[in-house]
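Asker: My questions concern the predicted model and sequence given below.
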Amino acid sequence: MTEYRPRTFRSDAEIEHIGEGLLARTLPRDEWTHEAHLASTTYLLTRRPDVEIDTQLPGIIRRYNESVGGVNDDTQGYHETITRVFLHGVRLFLSEADAKEPLHELVNELLLSPMGRRDWPLRFYSPALLFSVEARRNFVPPDVAALP
């Protein structure tokens, strides 16, 4: 995969805008980037204990996708396995991070860590499995290496 430098954030307000925009389905579609996915997950885990992320996140993302004209089907939209792998990665990162840091600094560190890389799931999955319809619809266990 091509080396990619992620977009970083300058303030906690940017992260809150993304997290709350996702929940309210008001986030502009062009702002729903890889970085925004990880920022919103970090925000929900650290600032919104009222959101039961393990059960609610799939519906939150699906409804958001539909609200901006997207489709959740066998080839686009919500992807269960990728979402679960990155959620695992965010939790792993946060378990070792300094929770006292400003939220945007935590997110920036996450984005620059192995768990924040776009290709992180491919350390554990073959492309054939990760991009299969089954993996999009349901969580499937890794076939290359165990998740840490």
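Answerer: Thanks, I have it. Numbering: from 1, shown residues only.
Asker: these two touch, right, L111 and P6?
Answerer: Yes. Counting by CB atoms under 8 Å, P6 is a contact partner of L111 at 4.1 Å. Yep, even glycine has a C-beta here, placed from its N, CA and C like the rest.
Asker: Who has more neighbours out of these two?
Answerer: Each of L111 and P6 has its neighbours counted (other CB atoms under 10 Å); L111 has more, 22 against 17.
Asker: which secondary structure elements does the helix or strand that one falls within contact?
Answerer: For L111, the host element (DSSP states H and E) is helix 103-112. Identification of packing neighbours for helix 103-112 by 3 or more CB pairs under 8 Å, 6 or more residues apart in numbering; DSSP states H and E yields helix 12-24, helix 34-47, helix 80-96.
Asker: for that helix, which positions count as buried?
Answerer: Neighbour-count burial for helix 103-112 flags L103, H104, L106, V107, N108, E109, L110, L111 (criterion: 16 or more other CB atoms under 10 Å).
Asker: now it against helix 12-24, angle please.
Answerer: Here helix 103-112 runs at an angle of 80 degrees relative to helix 12-24 (axes from the mean of the first three to the mean of the last three CA atoms, to 10 degrees).
Asker: just for the protein, where's the confidence low?
Answerer: Within the chain, the ranges that satisfy pLDDT under 70 run 1-3.
Asker: that older thread, anything in contact with each of L111 and P6?
Answerer: Residues touching both L111 and P6 by CB atoms under 8 Å, 6 or more residues apart in numbering: E35.
Asker: circling back to that earlier point, please identify the buried residues of whatever helix or strand comes next after the helix holding L111?
Answerer: Using DSSP H and E, the helix or strand that directly follows helix 103-112 along the chain is helix 127-130. Residues of helix 127-130 classed as buried: L129, L130 (neighbour count, 16+ other CB under 10 Å).
Asker: got the CA coordinates for helix 127-130 in CSV?
Answerer: Taking Å, rounded to 0.1, in the frame of the first residue of the first chain, the C-alpha atoms of helix 127-130 are listed here in CSV:
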residue,chain,number,x,y,z
PRO,A,127,-7.5,-9.2,1.0
ALA,A,128,-9.8,-11.9,-0.3
LEU,A,129,-11.3,-12.5,3.1
LEU,A,130,-11.3,-8.9,4.3
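Asker: So which residues make contact with that helix?
Answerer: Residues from elsewhere that reach helix 127-130, judged by CB under 8 Å, 6+ apart: T81, I82, P121, L122, A135, V140, D143.
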